[in-house]
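Chemist: this one's structure only:
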């Protein structure tokens, strides 16, 4: 591809799925052979949510339950919903620089730190032509 940017993407890191009940969803993914490898709270619009990373082999599903105020949209949806696809990168700051310079629609003003995993992670998102959200993520 002639217009490809010079950025190393290691793999799809995880697929993020908003859920209405994280405990029920964990049980569902446990039955498929996934195990909980990380669980952490997060804040969204002033409320507390829960994020659980479920892993099987090299596949990770991010299940996250929004605070009660954010659940209305999920509960009224008639079908499943994948929120984002996350790409694993080795240097989040370099990835941010390359993506921003290439003119992509970056949603955050800088990489965002989350206290997920042992030492945290940093991420940022872009949107694709149909509004799909693509996350670039580095586990620190």
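Modeler: Looks like it came in fine. These figures come from a predicted structure and were not determined experimentally.

Chemist: so residue 106 touches residue 123, yeah?
Modeler: No - using CB atoms under 8 Å, residue 106 is not in contact with residue 123, being 11.4 Å away. Using the backbone N, CA and C atoms, a C-beta is placed for each residue, glycine as well.

Chemist: Quick one: mean pLDDT over stretch 64-77.
Modeler: Taken as a whole, stretch 64-77 has an average pLDDT of 71.

Chemist: Now name the helix or strand holding the residue most central in space within the chain.
Modeler: Most central in the chain under CA atoms, centre = their mean is residue 16, positioned 4.7 Å from the mean C-alpha point. Element membership for residue 16, per DSSP states H and E: strand 11-18.

Chemist: Could you do residue 29 as well?
Modeler: Judged by DSSP H and E, residue 29 forms part of helix 22-31.

Chemist: now do residue 87
Modeler: strand 84-88.

Chemist: how big is the angle separating that strand from strand 11-18?
Modeler: Interaxial angle, strand 84-88 versus strand 11-18 (axes from the mean of the first three to the mean of the last three CA atoms, to 10 degrees): 150 degrees.

Chemist: and strand 84-88, what does it pack onto?
Modeler: strand 11-18, strand 133-139 (3 or more CB pairs under 8 Å, 6 or more residues apart in numbering; DSSP states H and E).
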